[in-house]
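**Student:** Sharing a sequence plus its predicted fold:
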Amino acid sequence: MIERAIPLLYLAAAASFILALKWLSAVATARRGVIVGIAGMALAVGGTLLRPEIVSYRWIGVAFVVGTVIGVPMALMPMTAVPQRTALSHAFGALAAALVGTAEFYLRAPRIDRVTMGALALEVLLGFLTFTASLMAFGKLQEILPTRPITWRFQNVANLSLLGLAAGSGVYLVARPDAAWLFPAFACLSLFFGVLLIVPIGGADMPTVISLLNSYAGLSAAAMGFVLDNKLLIVAGALDGSSGFILSVIMCRAMNRSFTNVLFGAFGQVGEKDRAAGEQRPVRSATAEEAAGTLQAAGLVIVVPGYGMAVAQAQHKVRELYDVLTKAGVEVKFAIHPVAGRMPGHMNVLLAEADIPYDRLVEMEDVNSDFPQADVALVLGANDVTNPAARHDRASPIFGMPILEVDKARTVMVVKRSMNPGFAGIENELYYLDRTLMVFGDAKAVVGSIVREFTGGGGH
Amino acid sequence: MSPELEQGLYVFVLATFVGLEVIRRVSPLLHTPLMSLTNAISAIAVVGSILVAGEQKTPLSTVLGTLAVACSMINIVGGYLITYRMLRMFRKSGKEKP
């Protein structure tokens, strides 16, 4: 009797997921969105546990406990580790889909119709490649693996052939589901392709890649829905797939690049030669004391945070700076470039963690008109997203990329460790402008000493 | 085309359009929580995982299913919890954290 209600539970779950994403559109309703999302998942899990096909709950229970024991610490990681954590959870999600696909194949083959086998092949291909690709992305974000793009000759040809081989064996399995011997090879090819896909991708492209992997994990779940003929899986997978897709499009647009260019372009290999050319040019440098003086005299300061701020864990010092400046009557805004950091929205979360009000965080399109009125643009660990070469230098690899127009501010203050070029290895002409002051040092240390200048020479 | 496939494709296409419309409206401010929430939602693979683990048809399928349930559970618990944690950090000027 109760089984008849299960489709209704699934329908309610699907509706909850849509509502959850709808409420996430604004901060005011976002937490309600999470609650309804949890409710949806509870309905889905509860409904599934009621299904008559389930003969034993023992292993399910064990897995619930194990998953919870691992999941809770993963949710309590510091906010600076959120990109890594996200990559890791994409890996888990994709692995789950791939494992279910594998189990279904061995349960059903060779009595499996072509449509189901097609969906199953897609589920397994996407699942396994997203699994290894996400692990690789995790390795790069955690800096276990080198973050620079690694390239070699014929890399793209080799990768595409491998993908072709994997897809080919998938197609063969659709035609001949009795060819069970091919399945392990198919799975291994998918796993291997995932690794190779990420090898040539550099850290600066991680926001796009992580969004793309988010999308693949969702599509893999949707494919599972076709295998099991379950509409809830299709809906949830499609929502996740479209979310990842939108985010990757936004990220690509923010870098003025195409998908193909991100995946096969190996950003960061260019600009090697013009690096040497720029090194000798003079720059104006300033001490923390001078920087504090300039900031104190300002009416409007726009802070431009980047990955460097995250690396230095400087967000709490930035909050202190925000406090002393606001107290001194200076208006402070934060300019957020869509690809600042290592994942979409990375800077917003870090600054929110440091208790900076979110209405002070302004998106690129809205803040660019403010720079001409700003007395100081304070660039903290951001680089390529501020390079004016993107506007006029046709030879620059970042030409055409939308940037934060910090060079229009009266004074540009750049906090940077050294004159080494940023991640993409591109020389930033911003540093050589007359109005630019370089403050060398670790972002956290520099902002800390600027704050001490305000609060009266330390002791705080 | 079988009716199941046809219905499935309808649902997929319509859900994709709903997804595109809804997610386009999400403020860029919340893109990180959006990703962690969709990550938790994609742990819906738990439905298939529970079935495979609970049916216990073969030892292989039970092992794979159990692993899959554990992986999905990590994302359900971890995903919702961290999204909630992140959202609690966002506050407006002049207001204390709730």
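**Tutor:** That came through fine.

**Student:** contacting residues around the residue in chain B that chain A sits nearest to?
**Tutor:** At 2.3 Å from chain A, B:M73 is the closest residue in chain B, using C-beta to the nearest C-beta. (Glycine included, C-beta is placed from N, CA and C.) By C-beta atoms under 8 Å, 6 or more residues apart in numbering or on different chains, B:M73 lies in contact with A:A63, A:F64, A:V66, A:G67, A:T68, A:G71, B:A43, B:V46.

**Student:** Repeat that for A:A298.
**Tutor:** Per C-beta under 8 Å, 6+ apart, neighbours of A:A298: A:V330, A:A374, A:D375, A:V376, A:T411.

**Student:** Tell me the one of those residues nearest A:G164?
**Tutor:** Lowest distance from A:G164 to the contacts of A:A298 (C-beta to C-beta) belongs to A:A374, with 51.7 Å.

**Student:** Go ahead and confirm that closest one touches A:L300.
**Tutor:** Yes - counting by C-beta atoms under 8 Å, A:A374 does reach A:L300; the two are 4.8 Å apart.

**Student:** Looking at those two, which is more packed in?
**Tutor:** A:A374 (23 against 17; other C-beta atoms under 10 Å in any protein chain shown).

**Student:** contacting residues for that one?
**Tutor:** A:A298, A:L300, A:V301, A:I302, A:K408, A:A409, A:R410.

**Student:** returning to that earlier point: for the residue of chain B closest to chain A, which three-state class applies?
**Tutor:** Using DSSP: H, G, I helix; E, B strand; the rest coil, the structure places B:M73 in helix.

**Student:** Poorly predicted segments of the stretch 251-400 of chain A, please.
**Tutor:** Counting by pLDDT under 70, the stretch 251-400 of chain A shows low-confidence ranges at A:264-280.

**Student:** Residue numbers of it in contact with chain B?
**Tutor:** Residues of the stretch 251-400 of chain A lying close to chain B by C-beta under 8 Å from any C-beta of the partner chain are A:336, A:338, A:343-346, A:348-349, A:352-353, A:355, A:357-361, A:363.

**Student:** In strands, which of those appear?
**Tutor:** By the criterion of DSSP state E, membership of those in strands covers A:I336, A:L361, A:E363.

**Student:** spatially speaking, which residue is in the middle of the chain?
**Tutor:** I'll assume chain A. Geometric centre of chain A, nearest residue: A:M343, 2.4 Å, by C-alpha atoms, centre = their mean.

**Student:** wrong chain, I was asking about chain B
**Tutor:** B:I41 (1.2 Å).

**Student:** how close does A:L24 sit to A:V227?
**Tutor:** 29 Å (C-beta to C-beta, to the nearest Å).

**Student:** A:D178 now?
**Tutor:** Taking C-beta to C-beta, one finds A:D178 at 18 Å from A:V227.

**Student:** more neighbours, these two?
**Tutor:** A:V227 (27 against 11).

**Student:** ok and the residue in chain A nearest chain B?
**Tutor:** Counting by C-beta to the nearest C-beta, chain A gets nearest chain B through A:G67, at 2.3 Å.

**Student:** Now for that residue, how many residues are close by?
**Tutor:** By other C-beta under 10 Å, neighbour count at A:G67 equals 25.

**Student:** now it, nearest residue through space, not along the chain?
**Tutor:** The shortest distance from A:G67 to any non-neighbouring residue, by C-beta to C-beta, 6 or more residues apart in numbering or on different chains, is to B:M73 (2.3 Å).

**Student:** Got the confidence number for the one you found?
**Tutor:** Note on B:M73: pLDDT of 97.

**Student:** On the three-state scheme, A:I210 is what?
**Tutor:** Per three-state DSSP, A:I210 ends up helix.

**Student:** Can you point out the buried residues in the helix or strand A:G237 falls within?
**Tutor:** In this assignment (DSSP states H and E), A:G237 forms part of helix A:231-254. Using 16 or more other C-beta atoms under 10 Å in any protein chain shown as the test for burial, helix A:231-254 gives A:231-248, A:250-252, A:254.

**Student:** State the distance from the residue in chain B sticking out farthest from the centre to A:D359.
**Tutor:** If you look at how far each residue of chain B sits from its centre, by C-alpha atoms, centre = their mean, the farthest one is B:G94, at 34.2 Å. Computed as C-beta to C-beta, the B:G94 to A:D359 distance reads 9 Å.

**Student:** And for A:K408?
**Tutor:** In terms of C-beta to C-beta, A:K408 sits 23 Å off from A:D359.

**Student:** Mind jotting down where the strands sit in the stretch 1-150 of chain A?
**Tutor:** Under the criterion DSSP state E, counting those that start in this stretch, the stretch 1-150 of chain A carries no strands.

**Student:** now the helices for it?
**Tutor:** A:6-23, A:27-49, A:58-75, A:82-108, A:114-141 (DSSP state H, counting those that start in this stretch).

**Student:** tell me what the next helix or strand after the last one is packed against?
**Tutor:** This means helix A:114-141. Next along the chain after helix A:114-141, taking DSSP H and E as the criterion, comes helix A:155-175. Using 3 or more C-beta pairs under 8 Å, 6 or more residues apart in numbering or on different chains; DSSP states H and E, the elements in contact with helix A:155-175 are helix A:114-141, helix A:182-198.

**Student:** Now render the ones you listed as CSV, adding mean neighbour count, mean pLDDT and distance to chain B.
**Tutor:** Putting those into CSV (neighbours: other C-beta atoms under 10 Å in any protein chain shown; pLDDT from 0 to 100; distance: least, C-beta to the nearest C-beta, whole Å) gives the following:
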stretch, mean neighbour count, mean pLDDT, distance to chain B
helix A:114-141, 25, 95, 5
helix A:182-198, 20, 95, 11
